[in-house]
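Chemist: Model the structure of this input:
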Amino acid sequence: MRKIILILFLIPFNSLSQDLLKIEDFKITILSTMFSDTYVGEWGFSAMIEADGKKILFDTGSRGNTVFRNAKELKINLDSIDNVFLSHNHKDHTGGLSTLKLNHPSSFSKAHVGEGIFYSRPNNRGIEHYILSNKSNLENLGIDFTTHIKPAEILPGLWTTGHIPRKYDEKNWSQLGKIINGKGEKVEDTIPEDQSLFFDTKNGIVLISGCGHAGLINTLEYIKKIVPNRPIYKIVGGFHLLKLNDDSLKWTADKMKDAGVKYFVGAHCTGLNSTYSIRNFMGLNSKTALVGSVGTFITKEGIFPGYME
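Modeler: Here you go, the predicted structure:
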């Protein structure tokens, strides 16, 4: 069965480079991460993606009110946004969904998730993870879940990676959790559903990641296969680099250079020191690489810190 799935992954690679719609204007605004000034900070991640008049919410933060309050403070209208993208199952990325739906009933009716997000992951007390425990309640609120395995165009020009092959042994997960997989086997929870979102522009591809549990470099190289001969020039989100040593960070930075990365916003689990190390290794500066905070936004013109008036 795995061989069949891999073949399905490979089918789109040669065709996407010809047909991928290029986004002309975009803005990505961070709505949940640790660092904040007048807004609400938390251990979580969320970002609003606006692209050529289309909007999609990427992850929903951890606590119920964080994204709701920060969006209001930042004057970001969450009404009539049909689509929400969930990078993986963890509560710090899915915990705000029910509150957002209750406060914006016309929005978030379509939730895009990776295959495996609803696999059973009971803890040592037999309690299931948040998104599985709340699936029925979320559906009763009017949320339909669309499951992705391979790359798919969610909105015109906006793509999910689907499942990301683990070419490199980046292991950006705890290695302690267990999951009941599709075969009913209890195995290590590698966060198989992890997916990222990307879109192309005239300058290259923009990548948004929640935690990068599949591995940042695995993700970059997979997108390069999906869309050959295009640089990945801006990346933003969480990348789970905070525990890497200097050798691993240098390897990561070199691979990012090879992919064409020119702008880097490290938020959430990326780590403060790791973000600055990557910046130094890549020869970037404060205008091209920074630690993301609530309100940080990224456009075709550059990256802009969310501060601190």
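Chemist: Could you use CA atoms for every contact and neighbour count after this?
Modeler: Fine.
Chemist: what about residue 186, distance to residue 180?
Modeler: Using C-alpha to C-alpha, to the nearest Å, we find residue 186 at a distance of 5 Å from residue 180.
Chemist: Export the helix ranked longest in the chain to PDB, keeping only CA atoms.
Modeler: For the chain, the helix that runs over the most residues, judged by DSSP state H, is helix 246-259. Once non-C-alpha atoms are left out, helix 246-259 reads as follows in PDB (Å, rounded to 0.1, in the frame of the first residue of the first chain):
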ATOM      1  CA  ASP A 246      25.500  24.400  16.100                       C
ATOM      2  CA  ASP A 247      26.500  21.600  13.700                       C
ATOM      3  CA  SER A 248      22.900  20.800  13.000                       C
ATOM      4  CA  LEU A 249      21.900  24.400  12.700                       C
ATOM      5  CA  LYS A 250      24.800  25.000  10.200                       C
ATOM      6  CA  TRP A 251      23.600  22.000   8.200                       C
ATOM      7  CA  THR A 252      20.100  23.400   8.200                       C
ATOM      8  CA  ALA A 253      21.200  26.900   7.200                       C
ATOM      9  CA  ASP A 254      23.300  25.500   4.300                       C
ATOM     10  CA  LYS A 255      20.300  23.500   3.000                       C
ATOM     11  CA  MET A 256      18.100  26.600   3.300                       C
ATOM     12  CA  LYS A 257      20.600  28.500   1.200                       C
ATOM     13  CA  ASP A 258      20.600  25.700  -1.400                       C
ATOM     14  CA  ALA A 259      16.800  26.000  -1.600                       C
END
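Chemist: List the residues that contact the nearest residue to residue 197 once chain neighbours are set aside.
Modeler: The spatially closest residue to residue 197, leaving aside those adjacent along the chain, is residue 160, at 4.5 Å (C-alpha to C-alpha, 6 or more residues apart in numbering). Contacts here follow C-alpha atoms under 8 Å, 6 or more residues apart in numbering; on that basis residue 160 touches 148, 150-154, 195-198.
Chemist: Out of the residues you listed, list just those in strands.
Modeler: When strands are assigned by DSSP state E, the members of the contacts of residue 160 inside them are 148, 152-154, 197-198.
Chemist: about what we covered before: and residue 186 and residue 180? Which one has more around it.
Modeler: The neighbour comparison of residue 186 against residue 180 (other C-alpha atoms under 10 Å) goes to residue 180, with 17 against 13.
Chemist: OK, contacts around residue 218?
Modeler: 164-168.
Chemist: Helix, strand, or coil at it?
Modeler: The three-state label for residue 218, taken from DSSP: H, G, I helix; E, B strand; the rest coil, comes out as helix.
Chemist: same thing with the one 3 residues further on?
Modeler: The three-state assignment at residue 221 reads helix, by three-state DSSP.
Chemist: Residue 87 too?
Modeler: Classification of residue 87 by three-state DSSP places it in coil.
Chemist: pretty sure it contacts residue 61?
Modeler: No - contact between residue 87 and residue 61 fails when scored by C-alpha atoms under 8 Å: they sit 11.1 Å apart.
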